[in-house]
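K.L.:
What follows is a predicted protein model with its sequence.
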Amino acid sequence: MTSGDEAIAAAEERAASTRDRNLPLWDDLPIPNDTANLREGPNLNDACLALLPLVGVWRGEGEIDYPTIDGPIKFAQQLTVSHDGRPFLFHEARSWLLNEDGSVLRPAARETGFWRPQEDDTIELLLTHSSGIVELYYGKPRSQTSWELGTDAVIRTATAKEVTGAQRLYGLVNGDLGYVEERAMVGQEMQPHASALLRRVVG
């Protein structure tokens, strides 16, 4: 078990290469820029304090597997969670598939959305996917460093694959951000679909 002092020292060591990095800034924007670095830009809105550990830019690798694909398939991802001082967080994830040797095969899924914490600790997560799916998740913090959410509604375009539900669990693991996702789609029951471990690169 890690002591409090050891945990603080480890966090400081991890932050040595990320504390001075942030999102590109628009110098002529007449409103606050988004920030993924809590040391810079507008203060985090008090409503978002339960989500504070998520703020940053995260990058790492994971696997996708499902009965309808020839998997598992390796992928990499960059997840940006930023804010502009208002009571929500902006979410953007960009993924790319990897060859067996770790080289980039091609761009893959993209999603954008918003984390909207509520006064009763409920979290609303709205996500729009490049594949034509829109999802509304509800959930709550499981602890100060983990969050569990499930879909309340899924909407899809006429050309998107059938998705009827999804669940996600996010959590910090030794300073890295891990997540697992389950999906019910294309006639399959809810089951594991994707997981990844992302390291902080900004913030």
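P.N.:
Received the coordinates, thanks. Residues are numbered from 1 along each chain as shown.
K.L.:
check contacts around the residue lying farthest from the centre of the chain.
P.N.:
The centre of the chain is farthest from one residue, D28, which by Cα atoms, centre = their mean lies 28.4 Å away. Applying Cβ atoms under 8 Å, 6 or more residues apart in numbering, we find D28 in contact with no residue. Just so you know, the C-beta spots here come from the backbone N, C-alpha and C atoms, and that holds for glycine as well.
K.L.:
Ramachandran coordinates for it?
P.N.:
The phi/psi pair for D28 (degrees, to the nearest 10) reads phi -100, psi 10.
K.L.:
and the gap between it and G113?
P.N.:
26 Å (Cβ to Cβ, to the nearest Å).
K.L.:
for G178, same thing?
P.N.:
Distance from G178 to G113, by Cβ to Cβ: 19 Å.
K.L.:
With E148 instead?
P.N.:
17 Å.
K.L.:
These two: which is more packed in?
P.N.:
G113 (21 against 17; other Cβ atoms under 10 Å).
K.L.:
and the more buried one, helix, strand or coil?
P.N.:
The local conformation at G113, judged by DSSP: H, G, I helix; E, B strand; the rest coil, is strand.
K.L.:
isn't it right next to H129, touching?
P.N.:
No - using Cβ atoms under 8 Å, G113 makes no contact with H129, being 9.1 Å away.
K.L.:
If you average pLDDT per helix and strand, which one of this structure comes out bottom?
P.N.:
The weakest-scoring helix or strand in the chain, judged by mean pLDDT, DSSP states H and E, is helix 4-15 (a mean of 64).
K.L.:
buried ones in the very next helix or strand once past it?
P.N.:
As assigned by DSSP states H and E, the chain's next helix or strand after helix 4-15 is strand 56-64. For strand 56-64, the neighbour count (16 or more other Cβ atoms under 10 Å) marks G56, V57, W58, R59, G60, G62, I64 as buried.
K.L.:
Quick check: chain neighbours aside, which residue is closest to the fifth one?
P.N.:
Once flanking residues are discounted, G60 sits nearest to L198: 3.7 Å by Cβ to Cβ, 6 or more residues apart in numbering.
K.L.:
so which helix or strand takes in the residue nearest to the spatial centre of the chain?
P.N.:
For the chain, L79 is the residue whose C-alpha lies nearest the centre (Cα atoms, centre = their mean; 5.2 Å). For L79, the host element (DSSP H and E) is strand 73-82.
K.L.:
helices and strands around that strand, which ones?
P.N.:
Secondary-structure packing of strand 73-82 (3 or more Cβ pairs under 8 Å, 6 or more residues apart in numbering; DSSP states H and E): strand 56-64, strand 89-98, strand 104-117, strand 191-202.
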